[in-house]
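Undergrad: with the sequence up front, the predicted model follows.
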Amino acid sequence: MLACIPSATLHGVDGRPVAVEVHVSNGIPGFTVVGLPDAAVRESRDRVRAALLSSGLSWPNRRITVNLAPSGERKSGAGLDLPITIGVLIAAGELEAGAVAETAFVGEVGLDGSLRPVPGVIPLVAALRSSIVVVPTACAAEAALVGTGAVRAAETLGELVAALRGRAPWPPVPVVLRRPVAAPGADLSEVRGQEVGRRALEVAAAGGHHLLLVGPPGSGKTMLARRLVGLLPPLAPDEGLEVMRVHSAAGVWGSGGGLPDRPPFRAPHHGSTDVALVGGGTAGLRPGEISLAHRGVLFLDELGEFSTGVLDMLRQPLEEGRIRISRARATVELPARFQLVAAMNPCPCGEGVYPGACRCTEVVRTRYARRLSGPLLDRFDLAVSLSRPAVDDLLGGPPAEASAPVASRVAAARWYAADRGYATNAAVDAGSLDAVAPLSPGAARLLEHRLRSGTLSARGLHRVRRVARTIADLDDGAGMVGEEHVAEALQLRSGRSTLLVESDR
Amino acid sequence: MTAGSTGEDRCTAAIASLGTSAGRLGRLLAWRTPEEAWAALRAGHHPADPEGSFRTKATAERLARIGAACEACGVRVLRRGSPGYPPALVGDGSGPAVLFALGDPAPAETRPRVALVGTRSASAYGLGVATQWGRQLAEAGVTVVAGLARGVDAAAHEGALAGGTAPVLGILGTAPDAAASRADRLLRGAVADRGAVLSELPPGAGGAAWRFAARNRITAALAHVVVVVEAHRGSGCLGVARAAEERDITVGVVPGSIRNPASAGANQLLADGYGAVVLGVEDVLTAVDLAIARDAAAVAPTRVPEPQTARKRQPAPSAVAARVRLALDGDPVPLDVLIRRTGLPMGQVALGLEHLAGAGMAVGEQGWWSLPQGSG
């Protein structure tokens, strides 16, 4: 007997439809899976067999062949357990073929017959074209977000088979998806002092500018960076779905289970390998940290400690908002439109921002600064150097402004950018700067002076103008970019000078 | 007397390359002629080396290698007691037995000499003082002595090379041909052209960390006045001040901010009473005059009066700039502090700073701001 069950397998953040064909025939009893299965798929035989027996169903002691079509593509993950089980049941005559007409299955089975969630349910279900999709109950909420078919869910194989046979009603699908209440994240009011750092954070949030924080240990770089997410506008539902799709494919489940409304914040450790950061690795080409930070913030703490090869891989995603991973067998494109925030010490001893305090030799300092390639450093529109807050600020002083009022200024500034037709000011192309960010005479004079004195490069000019546009938007909205906006933008980039070696200046 | 040309010089250089202390090297070289001393070392019967410990190191290969290195960089070999050896070092008990010189140290012998010493990781303040005083001293006809290291040393040399024609002396802790960065090699060449680069080690010899401390005594002994420009606590250049103190050579110290760790060692010298405060190049020149009058051994410096820079107090370019200027002082402060002191938003402070910097009324270094030196 032959059965054919539609299912899907994961490829990057996309699902690929797979037809699971099961053939049961007379012959020496055995179980073969063909069609480029990975180890998890091949092991499904033992799970399926045990699950059937523990659910009170029989295992056909005959020759079973499973083919995963299309046969030329690698299949990965345990999500094909359930379609194989159903296929075996139909091919062995335990279930009517008519009971599963137009029905697709995704899920892992346990030895006790339970149905377990699998990573990537959102892209998997989105790839299916059947009118009914059956998933484990734990994934039902996710599955209901996408797809064209009705979602059915079951806790166990026994429950599922009973429902398919029509002997029991389908178990109820859990109701989705209240948006999770925004967790009160870390608030900006906890950051004392750091006027420049706070301002840089606000400008970064308003303009989508990549931000580099340079400062000695204990100056609050990490503290500031973690508060950026709280200043960004909430995710729109379609953005939330994009985020959830990636997180689902990577097997990173959010706590609430519903659509996220906060931009993700990812902070990979500086020991991360290139695959962990940009993705790839397994047959399924799992998304890396930069894709998990899609529509959110990627925070690289101790930027100077990342290996230079890993850092230079960020250049394509920073430019294009996606990463293309090519392997011998497959190529996938993963979304990676993130805002980069990086923190680093000015030099190995960490004291380099204080005049005269650095104890590093010039050679050590130069070597440290060279770790960051010029092209990567150029991606940062904002680079500020922080110093440790004064004792008075830490212990007393006026309470600092909280995140909420800053976030509302950010939202207003972002509205101006959207009104001009750009997602953020950071995305304005150099050619349109004259139209988008016209300079007042004073501002033009200031920039001209800086260009002539050699303290600003032509490349830097465009970055300064974009940042100045954002500052003007934060200030009062549209109109010309004034002298003080440009002056502030120049200051918000002065952290570069602590990192550049003499010859690069 | 070109270098390495005579057998005497080659043997001297080879003996100096053996890596002995200065005192022992003196005893090795004091016996008969250098050639005989070398032969005796090889044979193992040098009276200053009765146990023959240098027999294995004193090879013909070493003599050929060191000799070739001396030829290659054209070094002069100045033995104690031979003509050309700096007279200032002759009376010094722990002076070097031999010096290897690039360039000619002779013109500096008749000049007043000031050693400018300081830390390698100097602040903008220390570098500024070293450059300015190096130039002004050279303009006044004074020979600047420094250690050819990065930081204060290099700044002092560069200042001295830029001003006037007075000879300049650089004292190396490594061999004259030791590997160095391009900037260091250029500086070494420029100093050798305008004076001399001196080292206790012959070309081709390996260096050792203690050599850097050992050269302190040469730097001190060559100078009439030693000026500590900027020194961290425990900095190596404080050794020069100690060596000068032992030789009764005047030590001047440039005071620094108590908040600047690069000045902590220098300030401590003052607090401990080891040095005199020098507030300007005039103070240094006065100290030189006094030292020379005391020694009556060198020609008085030909003074070039410092140009009178009557700095006109300019009005600040704008009202905002005036407020920012009031918040500035001589100590560099980060932008955060200025925002707090003025109570103005960041854009206004940034604009004020741009205006002040444009008018030369504020100095920004890596995001830290202060009033320019000499104003306020």
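TA: Right, received. Where do you want to start? Numbering: from 1, shown residues only, chains lettered A, B, ... in the order given.

Undergrad: report the central residue of chain B.
TA: For chain B, the residue nearest the mean C-alpha position is B:Ala146 (1.5 Å; C-alpha atoms, centre = their mean).

Undergrad: quick one: that residue and B:Gly170 touch, right?
TA: Yes: judged on C-beta atoms under 8 Å, B:Ala146 makes contact with B:Gly170 at a distance of 6.3 Å. Where C-beta positions appear, they are placed from N, C-alpha and C, glycine not excepted.

Undergrad: what is in contact with these two at once?
TA: B:His157 (C-beta atoms under 8 Å, 6 or more residues apart in numbering or on different chains).

Undergrad: by contact count, what packs against the strand or helix carrying B:Ala138?
TA: Element membership for B:Ala138 (DSSP states H and E) is helix B:124-139. Judged by 3 or more C-beta pairs under 8 Å, 6 or more residues apart in numbering or on different chains; DSSP states H and E, the packing partners of helix B:124-139 are strand B:113-118, strand B:143-146, helix B:152-162, strand B:225-230, helix B:281-295.

Undergrad: next, the angle strand B:225-230 makes with that helix.
TA: Between helix B:124-139 and strand B:225-230, the angle comes out at 160 degrees (axes from the mean of the first three to the mean of the last three C-alpha atoms, to 10 degrees).

Undergrad: what number of residues lie near the closest residue to B:Arg79 other than its chain neighbours?
TA: Counting by C-beta to C-beta, 6 or more residues apart in numbering or on different chains, B:Arg79 lies nearest to B:Val98, which is 4.9 Å off, once chain neighbours are set aside. Around B:Val98 there are 23 other residues, counting by other C-beta atoms under 10 Å in any protein chain shown.

Undergrad: my guess is B:Val98 contacts B:Arg76. True?
TA: No: here B:Val98 does not reach B:Arg76: they are 10.5 Å apart, not a contact under C-beta under 8 Å.

Undergrad: what's the weakest-modelled helix or strand in chain B?
TA: Here the helix or strand of chain B ranked lowest by mean pLDDT, DSSP states H and E is strand B:363-365, holding a mean of 80.

Undergrad: which other helices and strands contact that one?
TA: By 3+ C-beta pairs under 8 Å, 6+ apart, strand B:363-365 packs against helix B:346-358.

Undergrad: now with 7 Å?
TA: Using 3 or more C-beta pairs under 7 Å, 6 or more residues apart in numbering or on different chains; DSSP states H and E as the contact test, no helix or strand touches strand B:363-365.

Undergrad: other SSEs contacting the next helix or strand after that strand?
TA: Next in sequence after strand B:363-365, counting helices and strands by DSSP H and E, comes strand B:368-370. Judged by 3+ C-beta pairs under 7 Å, 6+ apart, strand B:368-370 is in contact with strand B:333-334.

Undergrad: that's a helix at A:Ala383, yeah?
TA: No: per DSSP: H, G, I helix; E, B strand; the rest coil, A:Ala383 lies outside any helix segment and is strand.

Undergrad: next, count neighbours for it.
TA: What A:Ala383 shows, counting by other C-beta under 10 Å, is a neighbour count of 24.

Undergrad: who does it bridge with?
TA: Beta bridges link A:Ala383 to A:Leu212, judged by DSSP bridges.

Undergrad: what residue in the stretch 101-250 of chain B comes nearest to chain A?
TA: Residue of the stretch 101-250 of chain B nearest chain A, by C-beta to the nearest C-beta: B:Ser123 (2.6 Å).

Undergrad: paired strands for the least confident helix or strand of chain B, with orientation please.
TA: Sheet pairing for strand B:363-365, using DSSP bridges, gives strand B:368-370 (antiparallel).

Undergrad: list the buried residues in the strand it pairs with.
TA: B:368-370 (16 or more other C-beta atoms under 10 Å in any protein chain shown).

Undergrad: what sits against the single nearest residue of the stretch 51-200 of chain A relative to chain B?
TA: Closest approach of the stretch 51-200 of chain A to chain B (C-beta to the nearest C-beta) occurs at A:Glu195, with a separation of 4.4 Å. Listed by C-beta atoms under 7 Å, 6 or more residues apart in numbering or on different chains, the contact set of A:Glu195 reads B:336, B:339-340, B:346.

Undergrad: then A:Pro335?
TA: A:13, A:242, A:246, A:291, A:294, A:322.

Undergrad: do the same with B:Gly275
TA: Contacts of B:Gly275 by C-beta under 7 Å, 6+ apart are B:228, B:241, B:251-253, B:269.

Undergrad: want to throw the residues you listed into CSV with distance to chain A and neighbour count?
TA: Shown next, in CSV, are those (distance: C-beta to the nearest C-beta, whole Å; neighbours: other C-beta atoms under 10 Å in any protein chain shown):
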residue, distance to chain A, neighbour count
B:Val228, 14, 31
B:Ala241, 19, 27
B:Val251, 21, 25
B:Gly252, 20, 26
B:Val253, 16, 25
B:Leu269, 17, 22
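
Undergrad: with those in mind, which one is nearest to A:Val363?
TA: Of all the contacts of B:Gly275, B:Val228 has the smallest distance to A:Val363: 24.0 Å, by C-beta to C-beta.

Undergrad: in contact with the closest one, which residues?
TA: Here B:Val228 is in contact with B:117-118, B:237, B:241, B:251, B:253-254, B:266, B:269, B:275 (C-beta under 7 Å, 6+ apart).

Undergrad: which members of those are positioned in helices?
TA: B:241, B:266, B:269 (DSSP state H).

Undergrad: mind putting these into CSV with pLDDT?
TA: As requested, the ones in helices among the contacts of B:Val228 are exported to CSV (pLDDT from 0 to 100):
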residue, pLDDT
B:Ala241, 90
B:Ala266, 92
B:Leu269, 90
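
Undergrad: adding distance to A:Val41, write those residues out as JSON lines.
TA: What follows is these, written out as JSON lines (distance: C-beta to C-beta, whole Å):
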{"residue": "B:Ala241", "distance to A:Val41": "77"}
{"residue": "B:Ala266", "distance to A:Val41": "72"}
{"residue": "B:Leu269", "distance to A:Val41": "76"}
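
Undergrad: out of the residues you listed, flag the one nearest to A:Cys347.
TA: B:Ala266 (22.3 Å).

Undergrad: now the helix or strand hosting A:His247: mean pLDDT?
TA: In this assignment (DSSP H and E), A:His247 forms part of helix A:237-249. Model confidence over helix A:237-249, given as mean pLDDT, is 87.

Undergrad: what do you get for stretch A:483-494?
TA: Per-residue scores along stretch A:483-494 average to 91.

Undergrad: and stretch A:32-51, by the same measure?
TA: Mean predicted lDDT for stretch A:32-51 stands at 90.

Undergrad: shouldn't B:Ala350 be in contact with A:Leu492?
TA: No: with contact defined as C-beta atoms under 7 Å, B:Ala350 does not count as touching A:Leu492 (8.3 Å).

Undergrad: can you pull out the strands in chain B?
TA: B:76-79, B:98-103, B:113-118, B:143-146, B:168-172, B:195-199, B:225-230, B:250-253, B:276-277, B:333-334, B:363-365, B:368-370 (DSSP state E).

Undergrad: for the closest residue to B:Ala205 other than its chain neighbours, give me the pLDDT.
TA: Nearest residue to B:Ala205, sequence neighbours excluded (C-beta to C-beta, 6+ apart): B:Ser17, at 3.9 Å. Predicted confidence (pLDDT) for B:Ser17: 86.

Undergrad: kindly report the same for B:Ala72.
TA: Looking at B:Ala72, the pLDDT reads 86.

Undergrad: any idea how many residues pack against it?
TA: 13.

Undergrad: now do the contacts for it.
TA: By C-beta under 7 Å, 6+ apart, the neighbours of B:Ala72 are B:Pro203.

Undergrad: now do it against chain A, distance only.
TA: Distance of B:Ala72 to chain A, computed by C-beta to the nearest C-beta, to the nearest Å: 26 Å.
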